[in-house]
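# No letters, just coordinates:
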């Protein structure tokens with residue numbers, strides 16, 4: 001198998017590597033059946049002033065290794081196999097690629113130089129130099145990991161993204177934000193009550209959510225770059241729930257029950273109502289926009305049980321697309337627009353399924369025991385984050401779009417629910 005992979009990579013290189021070294025790309029098909037993981041070495045980074053690795057260099061190499069491995073198709077060769085040395089025969093070690101790093105600290109500034117080496121060809125195919133405050137070290141490493149994934153596959157990695165979720169860690173349901181590795185966790189709400197349904201704005205800079213701390217489920221928005229800019233955007237009587245933001249960030253669709261029935265309303269970003277989209281046709285919740293903003297997936301029980309419908313935003317006409325299972329909910333439109341992930345009541349539990357926006361035969365994604373709910377796509381469309389409940393414990397998990405790699409994403413206290421994956425974030 002390894003010999004076949006090397007031959008495949010070589011053929012792809014011959015076909016795709018044209019122009020300058022910086023413009024060339026490997027384009028590995030990481031979703032193809034039977035493709036083995038790509039072996040990559042990330043030796044300890046060298047401190048420029050003395051030409052030797054240090055404790056900081058080891059930590060940075062380890063963090064980059066974890067960020068690369070997170071994407072599922074890279075196998076990091078343990079540094080212990082070669083004592084972390086950059087002076088290693090990578091081909092003999094079995095590496096197809098190696099990342100060599102060196103750094104310098106000047107006051108509060110960190111300069112980081114990183115190179116991706118194609119071992120098969122014996123040359124650098126990616127080189128980056130970053131200079132930023134020392135506290136931006138993680139940002140630099142995650143950004144380079146994303147660029148490596150882009151170079152190898154043609155699609156940017158997701159290290160520079162975050163995941164928001166609800167947790168009862170404090171004893172109350174509050175909203176938290178974490179990087180993809182779960183190392184950096186930040187508590188967003190401190191209402192000391194119930195906060196649910198977090199939703200990123202399209203640029204990932206703000207977050208909307210519903211809180212019950214004033215006695216009514218009101219809709220709020222907060223600026224994630226600051227900690228004291230939360231404001232209410234809908235305090236209407238009854239439900240003010242779970243908005244789906246249009247891709248342009250100018251409008252959103254939320255569930256309001258101000259007139260009695262929970263219906264979908266198209267709203268401005270400031271909370272002003274533009275028009276009502278559904279009228280007393282059952283309970284209408286969980287909206288999710290298509291990537292082009294022309295259609296909206298949502299859940300309605302107008303047929304007697306919760307099912308998924310797709311609405312044309314221009315005509316407001318709706319079509320039911322799920323017919324298998326007594327209960328289908330929490331639709332999430334894929335970034336490519338060709339699939340909708342959702343929760344399906346199946347064989348006595350809940351599993352994640354995929355279906356075309358036009359309907360048709362759904363595909364079961366998760367198959368392990370326990371309940372699997374609330375899917376959300378990574379911005380590159382390769383992974384889905386969801387909640388898995390086993391033995392009264394709810395945890396954030398992830399699975400790849402081909403149904404492989406299901407597992408717990410974070411090891412955190414409390415129960416986590418309602419995860420949402422951000423877009424790429426620019427933190428430089």
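That came in fine, so what should we check first? Computed from a predicted model, the values in this text were never measured in an experiment.
# longest helix anywhere in this structure?
Longest helix in the chain, counting residues (DSSP state H): helix 137-153.
# which residue ranges form the strands in the stretch 301-428 of the chain?
Listed in chain order, the strands of the stretch 301-428 of the chain (DSSP state E, counting those that start in this stretch) span residues 307-312, 318-320, 328-333, 340-346, 349-355, 363-364, 371-377, 383-390, 393-400, 407-408, 416-421.
# And for stretch 39-47, what's in contact with it?
Residues from elsewhere that reach stretch 39-47 (C-beta atoms under 8 Å, 6 or more residues apart in numbering): 52-54, 56-58, 60-61, 64-65, 68, 74-77, 79, 82, 84-86, 88, 90, 93-104, 112. In short, each C-beta sits where N, CA and C put it, glycine included.
# hmm, 7 Å instead?
Residues outside stretch 39-47 that contact it (C-beta atoms under 7 Å, 6 or more residues apart in numbering): 52-54, 57-58, 60-61, 64-65, 68, 74-77, 79, 82, 84-86, 88, 90, 93-103.
# ok, back up a step: quick check: which of the strands of the stretch 301-428 of the chain is nearest to residue 196?
strand 416-421 (6.3 Å; C-beta to C-beta).
# Where does the prediction get shaky in this structure?
1-35, 227-228 (pLDDT under 70).
# that older thread, mean neighbour count and distance to residue 108 added to the strands of the stretch 301-428 of the chain, as JSON lines?
Below are the strands of the stretch 301-428 of the chain laid out as JSON lines (neighbours: other C-beta atoms under 10 Å; distance: least, C-beta to C-beta, whole Å):
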{"stretch": "strand 307-312", "mean neighbour count": "22", "distance to residue 108": "51"}
{"stretch": "strand 318-320", "mean neighbour count": "16", "distance to residue 108": "56"}
{"stretch": "strand 328-333", "mean neighbour count": "24", "distance to residue 108": "41"}
{"stretch": "strand 340-346", "mean neighbour count": "25", "distance to residue 108": "43"}
{"stretch": "strand 349-355", "mean neighbour count": "22", "distance to residue 108": "45"}
{"stretch": "strand 363-364", "mean neighbour count": "14", "distance to residue 108": "51"}
{"stretch": "strand 371-377", "mean neighbour count": "24", "distance to residue 108": "36"}
{"stretch": "strand 383-390", "mean neighbour count": "23", "distance to residue 108": "34"}
{"stretch": "strand 393-400", "mean neighbour count": "22", "distance to residue 108": "34"}
{"stretch": "strand 407-408", "mean neighbour count": "12", "distance to residue 108": "36"}
{"stretch": "strand 416-421", "mean neighbour count": "23", "distance to residue 108": "32"}
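# I'd like to know which of those lies nearest to residue 165.
Across these, residue 165 has its closest neighbour in strand 416-421 (4.3 Å, C-beta to C-beta).
# Give the partner strands of that closest one in its sheet and their orientations.
Applying DSSP bridges, strand 416-421 is found paired with strand 162-167 (antiparallel).
# In JSON lines: the strands of the stretch 301-428 of the chain, plus distance to residue 221.
Listed next are these as JSON lines, based on distance: least, C-beta to C-beta, whole Å:
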{"stretch": "strand 307-312", "distance to residue 221": "24"}
{"stretch": "strand 318-320", "distance to residue 221": "27"}
{"stretch": "strand 328-333", "distance to residue 221": "21"}
{"stretch": "strand 340-346", "distance to residue 221": "25"}
{"stretch": "strand 349-355", "distance to residue 221": "28"}
{"stretch": "strand 363-364", "distance to residue 221": "35"}
{"stretch": "strand 371-377", "distance to residue 221": "19"}
{"stretch": "strand 383-390", "distance to residue 221": "22"}
{"stretch": "strand 393-400", "distance to residue 221": "23"}
{"stretch": "strand 407-408", "distance to residue 221": "30"}
{"stretch": "strand 416-421", "distance to residue 221": "14"}
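# among those strands, which is nearest residue 208?
strand 416-421 (10.2 Å).
# got the contact list for that closest one?
By C-beta under 7 Å, 6+ apart, the list of residues contacting strand 416-421 from outside reads 161, 163-167, 196-200, 374, 376-379, 385-387, 394-396, 410.
# Stretch 128-136 too?
Residues outside stretch 128-136 that contact it (C-beta under 7 Å, 6+ apart): 105, 108-114, 140, 144, 147, 428.
# how's the protein carved up into domains?
2-153, 162-421 (automatic domain parsing).
# Pick the most deeply packed of those domains.
Of all these, domain 162-421 carries the top mean neighbour count, a mean of 18, counting by mean count of other C-beta atoms under 10 Å.
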